[in-house]
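Peer 1: Fold the following for me, if possible:
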Amino acid sequence: MSRYNQGMYMIPEHMQEGLKGYIEKGIKPGEFLCSMLEHRIYEAAGHADEINQQQLFQYIYYMYNYMPMQSHGCEETVANWIKLKGLSQHEVLSDAER
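Peer 2: The predicted model follows:
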């Protein structure tokens, strides 16, 4: 099981599919997840529904401990992850670099 899947239990169920799509395939998520991924926490709080408002710390913990480091950070990092089609393309690049 991939590391990011091991911690997925921390993410509210209604958000898991969107987050997996972003991690695995680089599918751009909605405003709340984009803000979280770009470490814009105040903005994320403004876009969050009632459930996600209560889970902000869980998202931060999950991103730091379970997501690939190259998948979150600044706006440029997130845009690059999307451009490279997520984890599947990053794994291909990592294999080619070996």
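Peer 1: For this structure, which segments are assigned as helices?
Peer 2: Using DSSP state H, the helices of the chain run over 3-6, 13-25, 31-37, 41-47, 50-53, 56-66, 75-83, 86-97.
Peer 1: Can you give me the buried ones in the fifth one?
Peer 2: By neighbour count on 16 or more other Cβ atoms under 10 Å, the buried set for helix 50-53 is residue 52. (C-beta placed from N, C-alpha, C; glycine too.)
Peer 1: how far out from the middle of the chain is that helix?
Peer 2: Distance of helix 50-53 from its chain centroid, counting by Cα atoms, centre = their mean, to the nearest Å, is 17 Å.
Peer 1: re the thing from before, include mean pLDDT when you put the helices of the chain into JSON lines, please.
Peer 2: Formatted as JSON lines, the helices of the chain follow (pLDDT from 0 to 100):
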{"stretch": "helix 3-6", "mean pLDDT": "91"}
{"stretch": "helix 13-25", "mean pLDDT": "97"}
{"stretch": "helix 31-37", "mean pLDDT": "98"}
{"stretch": "helix 41-47", "mean pLDDT": "97"}
{"stretch": "helix 50-53", "mean pLDDT": "98"}
{"stretch": "helix 56-66", "mean pLDDT": "97"}
{"stretch": "helix 75-83", "mean pLDDT": "97"}
{"stretch": "helix 86-97", "mean pLDDT": "61"}
